[in-house]
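Peer 1: What would the 3D arrangement of this be:
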Amino acid sequence: MCLPAGLEAAPPAECTWLLRCLARCWHAGSLSCCCAGKGVWQCLTDGLGVSLVHSLYLLSPGVKDGSWTVLQLVEALGSCLENTDPRTRGRGIQLLSQVLLQCYSLLQEKEVLHLVLFYENRLQDHHLVIPSVLQGLRALSMCEVLSPGLAVSVLKAIFQEVHVQSLLQLDRHTVYSIITNFMGTREEGEGADARTALGCWGDGPWV
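Peer 2: Numbering: from 1, shown residues only. Have a look, this model is predicted:
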């Protein structure tokens, strides 16, 4: 069983359960060809045939119950996140972002810091990846343990790297949600910066 660092000692019963779930998730006949010689974790995160919904069904409970951390999930998704195909990278980030949207309240301050830096860097990625990056930042904007200064850092990164007004309406609304989350949860100084960022948009068609 090939598991990410720190999960090598997972009990056999848990591995059996994962295999049964994975078998149900895969399209008929594809499990044997995709998983030959692979560990279940690699099959789960390589994006070769399992849907996002099914991946979340398997991954989110593990993060919620402490079986693994979000940073271990990032490590396990490494080959997907570093793939040369932007669609594959986008799928990996989409999966990670959706897990964060379900588990953001459980994140530790150090995890949030690393994830913010990761997502800020991804704002420079291909335009196909940006919507999923924004969803991840939306999840992080709701974290109570967000370190002082990170809200301003996120907003600066978004407006420096992304032409917000050219995004689709759904993605513009995601940016709006990030700003309003910061306005509601940050200290007065950062909240003011968020209001300033919101005002920079004026009355443009972004929601």
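
Peer 1: the bottom helix or strand of the protein by mean pLDDT?
Peer 2: None of the helices or strands of the chain scores lower by mean pLDDT, DSSP states H and E than helix 30-35, at a mean of 35.

Peer 1: Output the contacting helices and strands for the helix or strand containing Val116.
Peer 2: Assessed by DSSP states H and E, Val116 sits inside helix 109-122. Judged by 3 or more Cβ pairs under 8 Å, 6 or more residues apart in numbering; DSSP states H and E, the packing partners of helix 109-122 are helix 70-76, helix 130-140, helix 150-161. Quick note: C-beta positions are derived from backbone N, CA and C, even for glycine.

Peer 1: of all the ones you listed, which lies closest to Leu113?
Peer 2: Closest of the helices and strands packed on helix 109-122 to Leu113 is helix 150-161, at 7.1 Å (criterion: Cβ to Cβ).

Peer 1: residues of the helix or strand just after that closest one that come out buried?
Peer 2: Counting by DSSP H and E, the next helix or strand C-terminal to helix 150-161 is helix 169-185. Residues of helix 169-185 classed as buried: 171-172, 174-179, 181-183, 185 (neighbour count, 16 or more other Cβ atoms under 10 Å).

Peer 1: cool, and stretch 144-162?
Peer 2: 146, 150-152, 154-155, 157-158, 162.

Peer 1: farthest-separated two in those?
Peer 2: Checking the buried residues of stretch 144-162 with Cβ to Cβ, the most distant pair is Leu146 and Val162, at 19.8 Å.

Peer 1: any weak-confidence spans in the protein?
Peer 2: 1-58, 185-207 (pLDDT under 70).

Peer 1: let's go with 90 and repeat that
Peer 2: 1-83, 88-89, 91-92, 95, 148-149, 182-207 (pLDDT under 90).

Peer 1: Now stretch 87-107 - C-alpha only, CSV.
Peer 2: What follows is stretch 87-107, C-alpha atoms only, in CSV (Å, rounded to 0.1, in the frame of the first residue of the first chain):
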residue,chain,number,x,y,z
ARG,A,87,-6.3,20.9,-17.0
THR,A,88,-4.7,18.3,-14.9
ARG,A,89,-3.2,20.9,-12.6
GLY,A,90,-6.6,22.5,-12.4
ARG,A,91,-8.3,19.3,-11.4
GLY,A,92,-5.8,18.7,-8.6
ILE,A,93,-6.2,22.2,-7.2
GLN,A,94,-10.0,21.9,-7.6
LEU,A,95,-9.9,18.7,-5.5
LEU,A,96,-7.7,20.3,-2.9
SER,A,97,-9.9,23.5,-2.8
GLN,A,98,-13.1,21.5,-2.4
VAL,A,99,-11.6,19.6,0.6
LEU,A,100,-10.6,22.9,2.1
LEU,A,101,-14.1,24.3,1.7
GLN,A,102,-15.3,21.4,3.8
CYS,A,103,-12.5,21.4,6.4
TYR,A,104,-11.2,25.0,6.7
SER,A,105,-12.4,25.2,10.3
LEU,A,106,-10.0,22.4,11.3
LEU,A,107,-6.8,23.9,9.8
